[in-house]
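Colleague: Kindly generate the corresponding structure for this input.
(one chain, ligands or ions: 1)
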Amino acid sequence: MSDSATSGPGRDGAARETWATRVGFVLASVGSAVGLGNVWRFPFQTAENGGAAFLVVYVAAVLVIGLPALLAEYVVGRRANVDAIRAFSALGHRRFWFVGALGVAGAFWVLTYYSVIGGWVIRYAVDSLTGAYLAQPATYFETVSAGLPAVGFHAAFMLVTVVVVAVGIEDGIELATKLMVPAVVVLMVGLAAVAATLPGAGAGFEYFLTPDLTVVATNLGDILPAAVGQALFSLSLGFSVMITYASYLGQDDSLLVDGAAVATFNSLVGVLAGFVVFPLLFAQGVSPDTAGPGAVFISVPTALASVPGSLAGVRVGQVLGLVFFGIVLLAALSSSISLLEAVTSFVVDRAGTSATRPVVAAGLGTAAFLPGVLSALDTAWLSWFDAVAVNLLLPVAVLLVVGFVGWVLGRDAAAELAEGSGSLERLAPVWLWTLRTVVLVAVVGTVLLSVQSFLSGGVAPPL
Ligand code: PHE
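Modeller: All right, here's what the predicted structure looks like:
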């Protein structure tokens, strides 16, 4: 147990839940990290920002900024053993409660529209049975992405999220992600293998894997904040999710190893998504650089529509579509449950008993569903919610956590990271030093650049 385990909520002596296994914790974290960010955002951001060149900067951002920041959140959570808002008091720094609060508010904010996209994914998975999206992908997306049916699918997605979180840590989130994450990886590898066999797929690999460094050099001002933002969002940082997940650790294993595993897996799945999307698009002559929330929902079906052949009377394009949107759905769910858990954990810990969990999860799910209706009725709202989250809330929240852990928690943080790390504990001071300098400076830069890009994109909500 960490030395501050006694600071847990346990008001009436009620034991706080913990992960049953270390693997469970890692898979839940991977499940949170691997999500729409990897499949819906990553390939298209790559396309928008110069292909392989973006990939290089993204991988660097994960290693230099993402991983140290992930460890910072883990350290706060494991040492405090309590929800992300009260974690700061539990660590003896009550004044910094707002850091956790901003993160929890951010998780709630993201959940509102994340669930809308999740709803689209349910719809597309179901529609694979009829192939409805194959005929006119762009028009189809326009009709189904906004309006009452979109609200309905948003509700369905939120409902599933609520059910998993209501069951709890071990039997809910841990069990669900233990099934979902391996399924995502296996299916994705299979799909990438199929995509590689499509005639013309080679152009996709080339686009994705041969970086043109002059593109990086000339567009650094755009690529850098985009890649760092993508790394942070994709690792589920800033929104108190990783703090919350680490707070359910019952014993001290190596956070360094676990964090490295999560960062590696997450990047691999992002790259794997590229191995699915780019060969598919290039093989079918579809341009990948359509941006915006509809990108994956339009270009992938466009490509699928021209995949020849049929299996037992069903078009191959439909079968591939079912697998593809099935993967995206599992990935999205394992992330949305982490968003809802970050918020739920705060209320459940406050109550001091997990008996209230189902009610709390349902209440908060409903509360997030309602503002999400705006995004379900109009994709302009969705884009706005997303822009505020990614360009504003996310970098600022990460900056606060990194600053807190580096400069306020300081040596205590390094001591916590060392705990359970065995011979790797030598890396703890190096990590702290990196956090205080390189990471902090990079995140400050990211805040400035992304806030600037947010302001230049128009701040006003689409009223
Ligand atoms: N990492 C998730 C994704 O890539 C999104 C997410 C962000 C989930 C923050 C939880 C917290 O889709």
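
Colleague: For the stretch 101-250 of the chain, give me the ranges with low pLDDT.
Modeller: In the prediction, the stretch 101-250 of the chain carries no residues with pLDDT under 70.

Colleague: How about it: which residue is closest to the ligand?
Modeller: Per Cβ to the nearest ligand atom, Ser236 is where the stretch 101-250 of the chain lies closest to the ligand, at 3.6 Å. The way it works is simple: take the backbone N, C-alpha and C, and place the C-beta from them, glycine included.

Colleague: Which strand or helix spans the closest residue to that residue other than its chain neighbours?
Modeller: The shortest distance from Ser236 to any non-neighbouring residue, by Cβ to Cβ, 6 or more residues apart in numbering, is to Ser32 (4.5 Å). Ser32 is part of helix 22-33, with elements assigned from DSSP states H and E.

Colleague: and the stretch 251-400 of the chain, which residues reach the ligand?
Modeller: Proximity of the stretch 251-400 of the chain to the ligand (Cβ under 6 Å from any ligand atom) is limited to residues Ser335, Ser338, Leu339.

Colleague: angle of the one helix or strand the last one maps to against helix 22-33?
Modeller: Taking DSSP H and E as the criterion, Leu339 maps to helix 316-351. Computed with axes from the mean of the first three to the mean of the last three Cα atoms, to 10 degrees, the direction of helix 316-351 lies at 110 degrees from that of helix 22-33.

Colleague: re the thing from before, would you convert the residues of the stretch 251-400 of the chain next to the ligand into TSV that also reports pLDDT and neighbour count?
Modeller: Shown next, in TSV, are these (pLDDT from 0 to 100; neighbours: other Cβ atoms under 10 Å):
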residue	pLDDT	neighbour count
Ser335	98	26
Ser338	98	28
Leu339	98	29
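
Colleague: that older thread, can you give me the buried ones in the helix holding Leu339?
Modeller: 317-349, 351 (16 or more other Cβ atoms under 10 Å).

Colleague: now do stretch 267-283
Modeller: 267, 269-283.

Colleague: What is the nearest of those residues to the ligand?
Modeller: For the buried residues of stretch 267-283, the nearest to the ligand is Gly270 (8.4 Å; Cβ to the nearest ligand atom).

Colleague: quick one: stretch 98-115 to chain centroid distance?
Modeller: 12 Å (Cα atoms, centre = their mean, to the nearest Å).

Colleague: Would you mind extracting the C-alpha trace of that stretch into PDB?
Modeller: In PDB, the C-alpha atoms belonging to stretch 98-115 read as follows (Å, rounded to 0.1, in the frame of the first residue of the first chain):
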ATOM      1  CA  PHE A  98      -9.100  23.300  -8.400                       C
ATOM      2  CA  VAL A  99      -6.600  21.400 -10.500                       C
ATOM      3  CA  GLY A 100      -8.600  18.200 -10.000                       C
ATOM      4  CA  ALA A 101     -11.900  20.100 -10.300                       C
ATOM      5  CA  LEU A 102     -10.900  21.500 -13.700                       C
ATOM      6  CA  GLY A 103     -10.100  18.000 -14.800                       C
ATOM      7  CA  VAL A 104     -13.300  16.500 -13.600                       C
ATOM      8  CA  ALA A 105     -15.300  19.300 -15.200                       C
ATOM      9  CA  GLY A 106     -13.300  18.700 -18.400                       C
ATOM     10  CA  ALA A 107     -14.200  15.000 -18.300                       C
ATOM     11  CA  PHE A 108     -17.900  15.900 -18.000                       C
ATOM     12  CA  TRP A 109     -17.600  18.300 -20.900                       C
ATOM     13  CA  VAL A 110     -15.900  15.800 -23.200                       C
ATOM     14  CA  LEU A 111     -18.400  13.100 -22.300                       C
ATOM     15  CA  THR A 112     -21.300  15.200 -23.500                       C
ATOM     16  CA  TYR A 113     -20.200  15.200 -27.200                       C
ATOM     17  CA  TYR A 114     -18.000  12.000 -27.100                       C
ATOM     18  CA  SER A 115     -21.200  10.100 -26.500                       C
END
